[in-house]
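Enquirer: Whatever this is, show me its structure:
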Amino acid sequence: MPPRPRPRRPLAWPGALCLAALLALPPGPARAQELTDLMDGMNKAFGALIRSLLVLTAQKNDPSPALAEAAQEAAKLAEAAAQIPKSGAFPGDPAFLKLAGEALEAARAAAAAAKEKRLEGAVAALVKLHAACTACHKDFRF
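Expert: So this is what the prediction gives:
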């Protein structure tokens with residue numbers, strides 16, 4: 001007696017559908033890593049900006065070198081802040097984009113004020129930058 005043919009099992013279809021769905025999803029971990037890298041860079045530049053504006057300017061008779069350093073660090077912050085909306089994190093979310101824009105504006109203002117040797121303006125922009133960063137991290141938890 002010949003063996004009975006096995007019934008065909010359509011297991012390939014669910015597997016193929018799952019694979020297609022996974023390939024259609026945006027690359028979340030890569031985007032998350034990109035945003036994490038941006039945040040790490042911003043954190044370092046933010047610490048250096050605080051040091052330049054609040055510590056070194058108070059310790060020196062001539063705050064010009066500290067303000068020049070602050071301008072460079074604020075420019076790094078502005079460059080990183082400009083990349084945040086392009087990272088793909090929270091795509092199209094108007095609240096996220098608004099906060100990213102506020103951070104960018106404050107970083108640019110800090111860089112301009114420090115370059116013009118206006119310590120008070122640079123510190124005021126630093127406070128605005130901190131507020132934008134804090135609000136974003138509170139609302140979006142990344």
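Enquirer: what sits up against the helix or strand hosting His130?
Expert: Per DSSP states H and E, His130 falls inside helix 119-140. For helix 119-140, contacts defined as CB atoms under 8 Å, 6 or more residues apart in numbering pick out 42, 46, 49-50, 53-54, 57, 63, 67, 70, 74, 77, 89-90, 95-96, 99-100, 102-103, 105-107, 109-110, 112-114. C-beta here means a position set from N, CA and C on the backbone, and glycine is covered the same way.
Enquirer: Just the C-alpha atoms of that helix, please, in CSV.
Expert: The C-alpha coordinates for helix 119-140 follow below in CSV (Å, rounded to 0.1, in the frame of the first residue of the first chain):
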residue,chain,number,x,y,z
LEU,A,119,27.7,86.8,29.2
GLU,A,120,24.2,87.6,30.5
GLY,A,121,22.7,86.8,27.1
ALA,A,122,24.5,83.5,26.9
VAL,A,123,23.4,82.5,30.4
ALA,A,124,19.8,83.5,29.6
ALA,A,125,20.0,81.3,26.5
LEU,A,126,21.5,78.5,28.5
VAL,A,127,18.5,78.6,30.9
LYS,A,128,16.1,78.5,27.9
LEU,A,129,18.0,75.6,26.5
HIS,A,130,17.9,73.7,29.8
ALA,A,131,14.1,74.3,30.0
ALA,A,132,13.6,73.0,26.4
CYS,A,133,15.7,69.9,27.1
THR,A,134,14.0,69.2,30.5
ALA,A,135,10.5,69.6,28.9
CYS,A,136,11.4,67.2,26.1
HIS,A,137,12.8,64.6,28.3
LYS,A,138,9.8,64.9,30.7
ASP,A,139,7.3,64.5,27.9
PHE,A,140,9.1,62.0,25.6
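Enquirer: which stretches of the protein form helices?
Expert: Assigned by DSSP state H, the helices in the chain fall at 12-24, 28-50, 57-59, 64-83, 94-115, 119-140.
Enquirer: Might you list the low-confidence residue ranges for the chain?
Expert: 1, 5-31, 142 (pLDDT under 70).
Enquirer: For Ala113, see how far away Gly121 is.
Expert: Separation of Gly121 from Ala113 (CB to CB, to the nearest Å): 3 Å.
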